[in-house]
Structure formats: structure tokens, C-alpha cells
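*Asks:* Okay, sequence plus prediction incoming.
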Amino acid sequence: MLFRNVKKNTRTYCTTCNFKIIRQSVKKLKDAVVGHDPKAAAIIEREENALINIMSWLEKQIQKRKETEAELIRAKEQAEDGARAKSDFLSVMSHEIRTPLNAIIGIAHLLSQDQLLPNQLENLKALNISAENLLRLINDILDFGKIEEGKIVLAEKNICLQQLAENIKTAHHIRAAERGNTINMIIDEKLPQIILGDEVRLGQILHNLMSNAVKFTRNGSITLTISLEKIQGEEATVYFSVTDTGVGIEKEKQVLIFDRFTQASVDIAREFGGSGLGLAIVKQLAALHNSDIYLNSEPGRGSTFFFTINFKTGKQEAPQQQTSNGKNDLSGIKVLLVEDVEFNIMVAKKMITNWNGAVDVAENGAIALNKVRQSAYDIVLMDLQMPVMDGYNATQHIRNFNDDIPIIALTASASADILQRTREFGMTDYLAKPFKPGELYEMISKYSRRTGS
Ligand code: ADP
């Protein structure tokens, strides 16, 4: 009897207790739902069976969440497709523009070696300047894209700042003189002989600033200053500035001009040309160096653009063996030129024969493969995109039976991973089109002498 009562009581007690717990849980659930979505209160409270209502509300939420997730994934994929299409478009366009540009620049160079009348020389100069402006614009647009996609990685190689400054002065000397400007250089003697950095990208910052300084100054002066701010252990902080006595920039425009496609006024493009991309690239390249660009400027008095960069100090290497004795000479060198664009064949062929080299031409990779099997060449200049067999495949086949012959990729493609790809396929080095005659000479001379000697 006693036992029965206890059992009954316990059961009564448990049922009540369970009921209470369920009620409390449902209330907590309701509060949580309402806390999350106050509008849900009306739906949940209204109906009798709160638990079922909450369940169906939760089901709806899960469904909604799944739909949102799917939408987000779709949007992300669309954005990625868009970015890929943009980058593909840029590299295809750049290839298509660079290919004829290579012929234009090359032919202009060949023409300049003929005896020309003064007005022909004048025309040729205009042709050269326009071709180089076009090339700069294409490079700027591509660089901008690459920097934005985070595809530029800075190299760490020896740089001699004195030499870099000399090169920059030489590059801008003629244009500066044409505009009645002088270029001064203040190079600190305390600077380390060698620093470690990316000469191309650092040079690009300084070239951009110098070319603006020359462009926006008439009958004045441009001063490039490089000085040592501090040196601590193996790290040197170097200060760079480019000062001009030109038109200057109004205060309210001084921040805007660092934005892409922005110029200080609408008249600038008409009077001075340009795309308004230069300083945006300079700013991004400085950021890649963990630095920023600053500007002091006064309209009518001139401008100073300045920045500092931290570099590791490097060690001087033994000077490289000179490959040429001042005069370009490739006598005794046999080059196989693999290229399908007629004008580019004409230009490269003439350049190489002008340097006394011998050239054989293959119009696609398959012909090149046969030629390398049958004859001995000192070097192969290999275009990448060709009909029948492209340059990558041709190189891969050649490497099956010839490991030694230097194969240099010559391409107008601007894709960021091109160097990596050419190496993977067994190419020795890479020269971007359009190339300057000197660059082609250096490349042939560097690699063909190595195997020839
Ligand atoms: P771009 O020179 O192709 O127009 P930039 O981005 O290099 O493009 O320069 C943007 C603008 O900044 C220029 O159009 C010009 O208005 C102004 N600017 C840049 N450098 C100077 C300078 N040294 N003196 C005066 N104005 C300058």
C-alpha cells in the first residue's frame, strides 16, 4: 500500500514537473523567437498550439536562410566570373594591341637608321612618341589591374641607387631639354652602395613622378633627391623626392589626383595628354612597399612629391662580364625565330641581320620542332600564341631531345603568371613585346654566347 502511494505520488509529481518544464521551455523558445524577430510574436501568440507554430516558423526561417545562402553563392560566383572576364579581356586586348605595336616600334627603329630628310625625321619622332605613349597607357591599365588583383609581388634584388638615379636622368633628359627644363640630382653620399629591392617597381614610381614633373614644367628645373634618412642594423630608410618648378596643383585637387583617371582640371588632358592613371599606380606601388606618397604644391610655383621606403642593405657583387664591346655584334650566331605575324618577322629579322646574326624563320611550333631537329641553332626566339602548334608545346617537344638550347619566349601576352608558365614548359627566359631593339640584343647576346663559348 505504502509502496503504491509512493509510486503514484512520484508519477503525479513527475507529470506536473514535466509539464512545467515543457511550458517553461516553450516560453523561452517564444522569447528567443520574438527577440530575434519581434514581428513573429503576433503569429506565435495568436494560435493555440504554440510549439507547432514555433516549429513552422523555424522551418520557414531555415528555408529563407538556405535561399539567401544560395543567392549569396550565386552573387559571389557572378562577381568572380566578372573579375575573371575583366582580367581575360584585358590580357586579350593587350595581346592584340601589343602585337602590332611591336611592329610599329620596331619599324620606326629600323627607319631611324636610314638616311632621312629633316621632315621625315620629324615625322618619325612623332610616330615614336605616339607609339610609346600608347604602350605606356596599355602598361598602366594592365598594371593597375594586376595591382588591384594583388598579383604583383616585389622582387628582392641588388639595386645601386646611384645607378638607378643616373638611368632615370638619362631617360628623361631629352624630353626635359625639349621643354627647356634642366634635371638636377641630389644623391646622398651616405646611402648604402647596394640595397635589396625591386628595381623595376621602384623605377616605375620615380619614372612616373619624373615624367609628370617634366610634363608640367616649362623652362624650369626638376630635382630628384635620394637621401639616407636612417640606418639601423641591416635596414636603411631612404627618402625620395621629385621637385619641379612647374604649374603646381591647387590645394583642393591635391588628394583627388591620386585617384584613378583623375586630373587636376579638364584642360589637362587637352593640353598635356595623359590618362590620370599614373599617380594612382604610384600610390599603389608605394603601398606595396609599405609606404605612402606625400605632396607639397603651390599653384604657379611647383610641386614636390616625396616618400620614404625601408630597404634591407645588400652586398656588392663582382661586376658582370661585358658581353659587347660597345658595338652590337652577333656574328657567328644562328637564331631560329619562331613567329607567325609577318611584320614582327620582318622587324626581328632585320634587327638581327643588322647585328650580323643569321636568322632562320619558322611560322609555327611544328615547323620549329623540325628545324631544331635538323639544324644547329645558338638560340630560339619563340612566340607563344601560334597556329598549328603553340610555343609552349613546341618547347616541351624540343626539351625531349635537346635540354641545352636557350629558348626565349617572345610574347605580347601580359598575364601575370607568364614567367612561371614559360619556366614550367622549359623555356630559358622571357622577353615582353613590344621590346626595344637593345633588349632583344641583350637577350640574344646573353644566352647565345653562353652556349657558343
Ligand atoms: P596623367 O599625368 O596621366 O594625367 P597622373 O595620375 O600622373 O595622370 O596625374 C594626375 C594629375 O595630377 C595630372 O593630370 C595633373 O593634373 C596632376 N599632376 C601630377 N603631377 C603633377 C606635377 N608635377 N605638376 C602639376 N600637376 C601634376
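*Replies:* All right, it came through fine. Numbers count the residues shown, from 1 in each chain.
*Asks:* okay, CA-based contacts and neighbour counts for the rest of this
*Replies:* Noted.
*Asks:* Tell me which residues of stretch 74-88 come out buried.
*Replies:* For stretch 74-88, the neighbour count (16 or more other Cα atoms under 10 Å) marks Ser87 as buried.
*Asks:* Now do the same contact list for Ile281.
*Replies:* By Cα atoms under 8 Å, 6 or more residues apart in numbering, the residues touching Ile281 are 140, 143-144, 205.
*Asks:* Can you check the pLDDT for it?
*Replies:* Note on Ile281: pLDDT of 88.
*Asks:* now swap in Ile138 and tell me
*Replies:* Note for Ile138: predicted pLDDT of 79.
*Asks:* Quick check, it in contact with Ser94.
*Replies:* Yes. Here Ile138 reaches Ser94: they are 6.7 Å apart, a contact under Cα atoms under 8 Å.
*Asks:* Nearest to Asn158 among the contacts of Ile281?
*Replies:* Ile205 (17.5 Å; Cα to Cα).
*Asks:* so how far is the helix or strand encompassing Asp140 off the chain centroid?
*Replies:* Under the criterion of DSSP states H and E, Asp140 resides in helix 118-148. Helix 118-148 has its C-alpha centroid displaced from the chain centroid by 17 Å (Cα atoms, centre = their mean, to the nearest Å).
*Asks:* Next, see if it gets close to the ligand.
*Replies:* No. If you take Cα under 6 Å from any ligand atom as the test, helix 118-148 misses the ligand, and the best it gets is 8.5 Å.
*Asks:* Check which element follows that helix along the chain.
*Replies:* Criterion used, DSSP H and E; the element after helix 118-148 is strand 157-159.
*Asks:* and that following strand, which strands flank it?
*Replies:* Applying DSSP bridges, strand 157-159 is found paired with strand 195-197 (antiparallel).
*Asks:* Smallest distance to the ligand belongs to which residue of the stretch 1-150 of the chain?
*Replies:* As assessed by Cα to the nearest ligand atom, the ligand sits closest to Leu137 within the stretch 1-150 of the chain, at 8.5 Å.
*Asks:* Quick check: residues of the stretch 301-450 of the chain near the ligand?
*Replies:* Ser303.
*Asks:* name the element the residue in the stretch 301-450 of the chain that the ligand sits nearest to belongs to?
*Replies:* For the stretch 301-450 of the chain and the ligand, the shortest gap (Cα to the nearest ligand atom) falls at Ser303, measuring 5.6 Å. Per DSSP H and E, Ser303 falls inside strand 302-313.
*Asks:* need the helices for the stretch 301-450 of the chain, in chain order.
*Replies:* In the stretch 301-450 of the chain, the helices defined using DSSP state H, counting those that start in this stretch lie at 342-354, 365-374, 391-401, 418-424, 437-452.
*Asks:* Reformat those helices as JSON lines; add mean neighbour count.
*Replies:* Below are the helices of the stretch 301-450 of the chain laid out as JSON lines (neighbours: other Cα atoms under 10 Å):
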{"stretch": "helix 342-354", "mean neighbour count": "18"}
{"stretch": "helix 365-374", "mean neighbour count": "17"}
{"stretch": "helix 391-401", "mean neighbour count": "18"}
{"stretch": "helix 418-424", "mean neighbour count": "14"}
{"stretch": "helix 437-452", "mean neighbour count": "16"}
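*Asks:* out of these, nearest to Ala83?
*Replies:* Closest to Ala83 of the helices of the stretch 301-450 of the chain, according to Cα to Cα: helix 418-424, at 18.7 Å.
*Asks:* who touches the closest one?
*Replies:* By Cα under 8 Å, 6+ apart, helix 418-424 touches 392, 409, 428-430.
*Asks:* how distant is it from the center of its chain?
*Replies:* With Cα atoms, centre = their mean, you get 16 Å for helix 418-424.
*Asks:* Next: stretch 60-76.
*Replies:* Here stretch 60-76 is found 36 Å from its chain centre; the criterion is Cα atoms, centre = their mean.
*Asks:* Alpha carbons of it, as PDB, please.
*Replies:* Provided in PDB are the C-alpha atoms of stretch 60-76 (Å, rounded to 0.1, in the frame of the first residue of the first chain):
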ATOM      1  CA  LYS A  60      10.400  28.900 -42.700                       C
ATOM      2  CA  GLN A  61      13.500  30.600 -41.300                       C
ATOM      3  CA  ILE A  62      15.700  27.700 -42.300                       C
ATOM      4  CA  GLN A  63      14.200  27.800 -45.800                       C
ATOM      5  CA  LYS A  64      14.700  31.500 -46.000                       C
ATOM      6  CA  ARG A  65      18.300  31.200 -44.800                       C
ATOM      7  CA  LYS A  66      19.000  28.500 -47.400                       C
ATOM      8  CA  GLU A  67      17.600  30.700 -50.200                       C
ATOM      9  CA  THR A  68      19.800  33.600 -49.000                       C
ATOM     10  CA  GLU A  69      22.800  31.400 -48.900                       C
ATOM     11  CA  ALA A  70      22.200  30.200 -52.400                       C
ATOM     12  CA  GLU A  71      21.700  33.800 -53.600                       C
ATOM     13  CA  LEU A  72      24.900  34.800 -51.900                       C
ATOM     14  CA  ILE A  73      26.800  32.000 -53.600                       C
ATOM     15  CA  ARG A  74      25.300  32.900 -56.900                       C
ATOM     16  CA  ALA A  75      26.300  36.600 -56.500                       C
ATOM     17  CA  LYS A  76      29.800  35.600 -55.400                       C
END
